[in-house]
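Undergrad: Could you work out the structure for the sequence below:
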Amino acid sequence: MGPGEGRKETLVEAAIRILNTPDPFEKARLGDSVATQWLHGLILDPYDPSADLPVPDRPARLADVKLVSPSLMPKLGKAGSLQSRQAIVHSLVHTESWAIDLSWDIIARFGKQEEMPRDFFTDFVKVAQDEGRHFTLLAARLEELNSRYGAFPAHDGLWDSATATSKDLLARLAIEHCVHEARGLDVLPTTISRFKNGGDNETADLLERVVYPEEITHCAAGVKWFKYLCTRSKSLGSASNGGGADEEIVQKFHSVVRKHFRGPLKPPFNAEAREAAGFGPQWYEPLAFKL
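TA: Numbering: from 1, shown residues only. Predicted coordinates:
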């Protein structure tokens, strides 16, 4: 899986190495190192055109987190008690651990296959680096709250969606970045307020100053590359320079989400954050109601 002798490792090779690293703390550290090398030009090639490297169906994970069905997850509470604050932060840590894998997976799984431009790799390298930092900071905060990652049950709904979209980059961008990640933008302000009301200003500050603004840029990456793929496709090529293209892209988004996401989207929506990420209410409001 590693690079050949006398040849530097490509970004996709490094991404697969990260996906095959089971310890999430080491995964975050390794991801930060790879991201820094890519962004400083120390990793030159996104992939080897002649290599067909297997991407794991499921990233390596430690077995110290008890996994349950999403429907069996205990209530997290509203951050009024220490246990509730621990449970909420634990949930965020778990989400960020999967976000690391999702970022490297989209690079390894789709970058070469879809002949994506270099900016695609750079955008998701930045996302991966951010997610690793979020995981590390939130895990440290969880320990400050006298708990640890693995102390509470968790679910793998995010990776279920990744598996369902493993053969379709357009679907992956729509579901993971424009539905799930956008949902995070919707609920984070309430979560921040609950920590403040519970007297936990340290966690609130971490979420408000670091996690929340960077998550907007992650959602923006999904919107950007969803639009790119639509515009690049032959079906929208004739309208690529006019307003008709934007309308067709939105309609395509609706059809992809209805195909790959079960049920309607849940309001209320954080319209300001979603607008900052590059998509307005015409993208998501029609999906809030069953047709």
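Undergrad: Flag the shaky bits of the protein, pLDDT-wise.
TA: 1-6, 234-244, 289-291 (pLDDT under 70).
Undergrad: In space, not sequence, find me the middle residue of this protein.
TA: Among the residues of the chain, residue 99 comes closest to the average C-alpha position under C-alpha atoms, centre = their mean, at 4.3 Å.
Undergrad: In contact with residue 44: list those residues for me.
TA: With C-beta atoms under 8 Å, 6 or more residues apart in numbering as the criterion, the residues that contact residue 44 are residue 8. All C-beta atoms are positioned from the backbone trio N, CA, C, and that covers glycine.
Undergrad: how much space between it and residue 122?
TA: When distance is defined by C-beta to C-beta, to the nearest Å, residue 44 is 13 Å away from residue 122.
Undergrad: buried stuff in stretch 271-291?
TA: The neighbour-count check on stretch 271-291 (16 or more other C-beta atoms under 10 Å) flags 273, 274, 277, 278, 279, 283, 284, 286, 287 as buried.
Undergrad: I should have written stretch 175-188 there, sorry.
TA: Residues of stretch 175-188 classed as buried: 175-186, 188 (neighbour count, 16+ other C-beta under 10 Å).
Undergrad: Please apply the same query to stretch 13-29.
TA: Buried-residue list, stretch 13-29, by 16+ other C-beta under 10 Å: 13, 14, 15, 16, 17, 18, 19, 21, 24, 27, 28.
Undergrad: what secondary structure does residue 63 sit in?
TA: The three-state label given to residue 63 by DSSP: H, G, I helix; E, B strand; the rest coil is coil.
Undergrad: Torsion angles phi and psi at it?
TA: With angles defined as degrees, to the nearest 10, residue 63 shows backbone torsions of phi -100, psi 20.
Undergrad: residue ranges for the helices of the stretch 1-150 of the chain, please.
TA: Assigned by DSSP state H, counting those that start in this stretch, the stretch 1-150 of the chain shows helices spanning 11-19, 24-39, 82-110, 118-144.
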